[in-house]
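# Sequence and predicted model, in that order:
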4 protein chains.
Amino acid sequence: MTEALEDVQSRPDYRGVPLRKAGISQLRYPMVVWDRDQQRQHTIGTFRLTVELPREYKGTHMSRFITALEHHRGEVSLETVPDLVDELRNRLDAERAHVHVAFPYFIRRAAPVTGQESSLALQCWFDGSADEREAEFTLGVEVPVMTLCPCSRAISARGAHCQRSRARMKIRFRELVWIEELAAIAEASASCGIWPLLKREDEKWVTERSYDNPVFVEDLARNIALRLKAEPRITWFEVEAENEESIHDHNAYAFVGSDDLPEE
Amino acid sequence: MTEALEDVQSRPDYRGVPLRKAGISQLRYPMVVWDRDQQRQHTIGTFRLTVELPREYKGTHMSRFITALEHHRGEVSLETVPDLVDELRNRLDAERAHVHVAFPYFIRRAAPVTGQESSLALQCWFDGSADEREAEFTLGVEVPVMTLCPCSRAISARGAHCQRSRARMKIRFRELVWIEELAAIAEASASCGIWPLLKREDEKWVTERSYDNPVFVEDLARNIALRLKAEPRITWFEVEAENEESIHDHNAYAFVGSDDLPEE
Amino acid sequence: MTEALEDVQSRPDYRGVPLRKAGISQLRYPMVVWDRDQQRQHTIGTFRLTVELPREYKGTHMSRFITALEHHRGEVSLETVPDLVDELRNRLDAERAHVHVAFPYFIRRAAPVTGQESSLALQCWFDGSADEREAEFTLGVEVPVMTLCPCSRAISARGAHCQRSRARMKIRFRELVWIEELAAIAEASASCGIWPLLKREDEKWVTERSYDNPVFVEDLARNIALRLKAEPRITWFEVEAENEESIHDHNAYAFVGSDDLPEE
Amino acid sequence: MTEALEDVQSRPDYRGVPLRKAGISQLRYPMVVWDRDQQRQHTIGTFRLTVELPREYKGTHMSRFITALEHHRGEVSLETVPDLVDELRNRLDAERAHVHVAFPYFIRRAAPVTGQESSLALQCWFDGSADEREAEFTLGVEVPVMTLCPCSRAISARGAHCQRSRARMKIRFRELVWIEELAAIAEASASCGIWPLLKREDEKWVTERSYDNPVFVEDLARNIALRLKAEPRITWFEVEAENEESIHDHNAYAFVGSDDLPEE
């Protein structure tokens, strides 16, 4: 019966417009990520899977993207994304393929004084693309942290406003860097980390530590940039910091990339 | 030509299932709201417009909802929503109609010390429904405010964590209550209000005032409830308070309705 | 050391305002749901956990909500939500507790002709509340389906517009109803189901089946309502249908609840 | 009094990290756009306003961004964004400034047969940056359109699946191009345009026209690219097309930029 159905996508195209990307987007699919302790973490990815479409072809075969994902049984991690990209290239007979997937990833957090444990969600994403000669892979992580305003502290007789902040890092590396390592870098660069579960002793510690360690959104971005730059495994990065200001209904924002830094 | 096209929606239906609501949703449309100073504020509404559909009819005529809105030329306010509801009832030949519209509404804010002015967006909504005998109208307003944690302040040697909070109020009234009045109630019930534009003198004032005036999310909800209860124009209300905790990546939450309050 | 830190939340409160709900919201946490085949599905919940707060107390103890969730090790399912509600009541010493959790849930779908398998995400939620005497539990499921417009088909010389639709069902039951059963009811009530993976033979089948089976948004809601009403295990329901109209940028909408249906 | 408060942001910084962007984000503010008929359209912008921060300074002065916006009285359009960028550079004493603003913009649509009018929201954005020597300005528009699947039509005995699609265009130009012109290009490149208000005669026309004019997501992107390339005022562009597939719960996606096109 298949023979009877015309393959419209494979018709020739005469418009002379190659497409950088053709495929599927906004696909939610179960996935498995390996964490630092070599355990499998089940999570849910939102995928964009595309291939380069030469000018000669009318369309791509959208169902094959799902087949490739099924074939991988949801194993999508720092190690397996290159395989998935290759599989897309082969199944779709394409020069170049591209995988972008965003997913929540949970890390265990022990409260700073009582040590009580809980799970904190980080928003992460992998982005990989490859052709026959070269491949490029980017890891992104967003870490929620706490910042306390140095200006507010300096000018006020008591207290200082603080807020939830987001530290977003995108990195490329020559040797594996764990999501957990990036979370630690963000935390060390902020006024304080945050935890889902804090008892009173912990809350006292967090309050005092953030008061003792004020950072602007600019400081958060710079502190992270310096730590990423000092890490020899990392070859390129971008940092975005966003403070959900408690005294405004808008955010404070800072951005820096490895390309902005002066040569040593 | 119209005669040639069958009116499928008007076909009889034999399943015996009346629909409480049939209509359109997620429609973005320009609208105009009257503010307290009797000036017209242009904004953008997200509408759900529905009518009751008796069991005898297969469908409603979706295009007439847009016609009704066009006929109103976007004048959708506390005074005109009843007219819009009536117009839907007439145009769609329905017993009962329902209008729900959410929209941003800007209020001018003068900074507390320098008096410098800026515009703050409040998320608002109108909800109106009516049949021949009775009409019910609800106004909703969400106000961003600041809360500072009483526990953190009490147990810490210095500082206290604070955050952006949302105070949501839904009210029904016998006499008009302005959005601006609800904003003032939320601000008075929090640790401090917030402003888009604050100079250093203002920031000092906000920091110290919030430190001097700590409130839990439970306090925010209760303070608002007491003020709404004391207002004789208001006949019913619900209050929801949500703190975007700076020490967590989740929120603290409280809810109270006028029905929960003990009789005097 | 704990003794030294005042328990501010336990201070007495004299305002006389009991809170219907006090707790935490927007908490993302890993969870495990049991599916029909008695297998554990790992997913990610967004939780709102609250207790009733009597007028005498200033605040609730927010960290205990996380402790309760940790204690349950993420086992949150139709069977275990009652336990979680009870645990919140005990740990927080409250009359009444409330759990609301939304989560994606994947079902396996075999394409209608080729039988090729893939995973489809359904958005689900559990809502449970209980006091000493009674408990109420609600299950919600949103199923993406396809609808083809009867009016467009009847009046057009060729073709008929169709679109992605959302069927949302909330039910209470006296005996367990599976998410998979609700998905089947939504699919049977629409023009056609949808699948992540469709080969050409499948696409032909879906196109023709939907053309042969046109339903308005009103029909989708009514068809589902009749099926839910006919199910003796279900004691109460609400149905919401929303068509993401392909000829508009807004949706068509219908709502019906078991309370709207005439007595037999 | 101002003198007494230290200007912490102006403290020197010794870390040697210049920031590409420092400023505010997620600010909602009223704005006015000029439309093609030279009338002022009131709308609501979501702004990110930033400046370059040299390595020598600790922070930027966040309140001045709001002051600049207030000074412009919300006049933010193709003509005035360069002024706003310049004003940011001056007020914040910066080499380079950047304005990004996203906003809904309504165009009037006359139904194709009956001519009945209604308003359709387009999501738009302006992006402008400048230093002393050069300025770059980008206009973005997202237009909702309708696509009907050529494969589904070719292989099916009757009907063909169709859906709502999004055509996103980003352009740079040497001479003004109106949002309305980009909307017309998207519509001409799709199976059919869409309208908020369609009577039965219009719905028949839309159904038949889309059936007669099937386009894949790849076709939509290519058709738009060819039209943008043929327009001598446009110097650079990117096109993204996304079909909200009615037979799936994910989207089909295509991307092409002017840089991908072969030289003439």
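Structure received. Numbering: from 1, shown residues only, chains lettered A, B, ... in the order given.
# Only C-alpha atoms from now on, for both contacts and neighbour counts.
Noted.
# Is the residue in the stretch 1-150 of chain A positioned nearest to chain B within a helix or a strand, and which one?
For the stretch 1-150 of chain A and chain B, the shortest gap (CA to the nearest CA) falls at residue A:146, measuring 6.1 Å. Assigned by DSSP states H and E, residue A:146 belongs to strand A:135-148.
# do that strand and chain C meet?
No. On the criterion CA under 8 Å from any CA of the partner chain, strand A:135-148 is out of touch with chain C, staying 12.8 Å away.
# mind listing what residue A:233 touches?
Neighbouring residues of residue A:233 by CA atoms under 8 Å, 6 or more residues apart in numbering or on different chains: A:173, A:174, A:175, A:176, A:177.
# List the residue ranges of the stretch 151-264 of chain A that fall below the pLDDT cut-off.
For the stretch 151-264 of chain A, the stretches with pLDDT under 70 are A:264.
# now do 90
Within the stretch 151-264 of chain A, the segments meeting pLDDT under 90 span A:262-264.
# What residues does the stretch 51-200 of chain A have near chain B?
So the stretch 51-200 of chain A meets chain B at A:120, A:144-146, A:152, A:155-164, A:193-197, A:200 (CA under 8 Å from any CA).
# now the residue most central in space within chain A, which residues is it bridged with?
For chain A, residue A:140 is the residue whose C-alpha lies nearest the centre (CA atoms, centre = their mean; 2.3 Å). Beta bridges link residue A:140 to residue A:125, residue A:170 when assigned by DSSP bridges.
# distance of it from chain C?
As judged by CA to the nearest CA, to the nearest Å, residue A:140 and chain C stand 19 Å apart.
# mind checking pLDDT for the nearest residue in space to residue A:199 that is not next to it in sequence?
Nearest non-adjacent residue to residue A:199, counting by CA to CA, 6 or more residues apart in numbering or on different chains: residue C:63, 6.4 Å away. As predicted, residue C:63 sits at a pLDDT of 95.
# quick one: residue C:63 from chain D, how far?
Counting by CA to the nearest CA - residue C:63 and chain D are separated by 30 Å.
# and if you look at residue A:158?
Residue A:158 is 14 Å from chain D, by CA to the nearest CA.
# which residues sit in contact with the residue nearest to residue A:135 when sequence neighbours are not counted?
Spatial nearest neighbour of residue A:135, chain neighbours left out: residue A:129 (5.7 Å); criterion: CA to CA, 6+ apart. Taking CA under 8 Å, 6+ apart, we find residue A:129 in contact with A:82, A:85, A:96, A:97, A:98, A:99, A:135, A:136, A:137.
# Out of those residues, the closest to chain D would be?
Using CA to the nearest CA, those come closest to chain D at residue A:98, 12.0 Å.
# Tell me if the helix or strand encompassing the closest one is near chain D.
For residue A:98, the host element (DSSP H and E) is strand A:97-110. No. Strand A:97-110 stays clear of chain D (CA under 8 Å from any CA), getting no nearer than 12.0 Å.
# how far off strand A:135-148 does that strand point, in degrees?
Inter-element angle recorded for strand A:97-110 and strand A:135-148: 30 degrees (by axes from the mean of the first three to the mean of the last three CA atoms, to 10 degrees).
# Tell me the buried residues in strand A:97-110?
A:97-107, A:109-110 (16 or more other CA atoms under 10 Å in any protein chain shown).
# Surely the residue nearest to the centre of chain A and residue A:126 touch.
Yes. Assessed by CA atoms under 8 Å, residue A:140 is found in contact with residue A:126 at 6.3 Å.
# residues from the stretch 151-264 of chain A in reach of chain C?
So far as CA under 8 Å from any CA goes, the stretch 151-264 of chain A lies against chain C at A:196, A:197, A:198, A:199, A:200, A:201.
# and those, which of them are in helices?
Secondary structure from DSSP state H places A:200, A:201 of these in helices.
# tell me which of the residues of the stretch 151-264 of chain A next to chain C is nearest to chain B?
Using CA to the nearest CA, those come closest to chain B at residue A:196, 5.4 Å.
# Could you check how far that closest one is from residue B:76?
As judged by CA to CA, to the nearest Å, residue A:196 and residue B:76 stand 43 Å apart.
# now do residue A:128
Relative to residue B:76, and taking CA to CA, residue A:128 is found at 49 Å.
# Setting aside sequence neighbours, what's the nearest residue to residue A:182?
residue A:141 (7.3 Å).
# can I assume that neighbour is in contact with residue A:127?
No. Counting by CA under 8 Å, residue A:127 is not a contact partner of residue A:141; they are 11.5 Å apart.
# okay, these two: which has more neighbours?
residue A:141 (26 against 20; other CA atoms under 10 Å in any protein chain shown).
# pLDDT at residue A:15, what is it?
Predicted confidence (pLDDT) for residue A:15: 91.
# Surely it is in contact with residue A:55?
Yes. Counting by CA under 8 Å, residue A:55 is a contact partner of residue A:15 at 7.3 Å.
# Looking only at neighbour counts, state which of those two leads.
residue A:55 (18 against 14).
# in what helix or strand does the more buried one lie?
Using DSSP H and E, no helix or strand contains residue A:55.
# In terms of pLDDT, where does it sit?
For residue A:55, the model assigns a pLDDT of 92.
# OK, contacts around the spatially closest residue to it that is not a sequence neighbour?
In this structure, residue A:55 finds its nearest non-sequential neighbour in residue A:18, 3.9 Å apart by CA to CA, 6+ apart. Contacts for residue A:18 (CA under 8 Å, 6+ apart) come out as A:52, A:53, A:54, A:55, A:56, D:256, D:260, D:261.
# And residue A:18, how far from residue D:230?
For residue A:18, the distance to residue D:230 - CA to CA - is 16 Å.
# With residue A:168 instead?
On the measure of CA to CA, residue A:168 and residue D:230 end up 39 Å apart.
# residues touching the residue nearest to residue A:199, list them.
Counted by CA under 8 Å, 6+ apart, residue C:63 has contacts A:196, A:197, A:198, A:199.
# Compute the number of surrounding residues for residue A:12.
The burial count for residue A:12: 12, using other CA under 10 Å.
# Look at it and report its pLDDT.
91.
# With residue A:2 instead?
44.
# contacting residues for the residue nearest to residue A:182?
Neighbours of residue A:141 in contact, by CA under 8 Å, 6+ apart: A:122, A:123, A:124, A:125, A:168, A:169, A:170, A:179, A:182, A:183.
# what's the neighbour count on the third one?
This points to residue A:124. Neighbour tally, residue A:124, other CA under 10 Å: 21.
# same deal with the fifth one?
In terms of burial, residue A:168 registers 23 neighbours under the definition other CA under 10 Å.
# Could you do the fourth one as well?
Around residue A:125 there are 21 other residues, counting by other CA under 10 Å.
# Residue A:175 too?
Count around residue A:175 with other CA under 10 Å applied: 10.
# How about the one 3 residues further on?
For residue A:178, the count of nearby residues is 13 (other CA under 10 Å).
# Hmm, it is touching residue A:36, no?
Yes. Shown here, residue A:178 and residue A:36 form a contact pair, counting by CA under 8 Å, at 6.6 Å.
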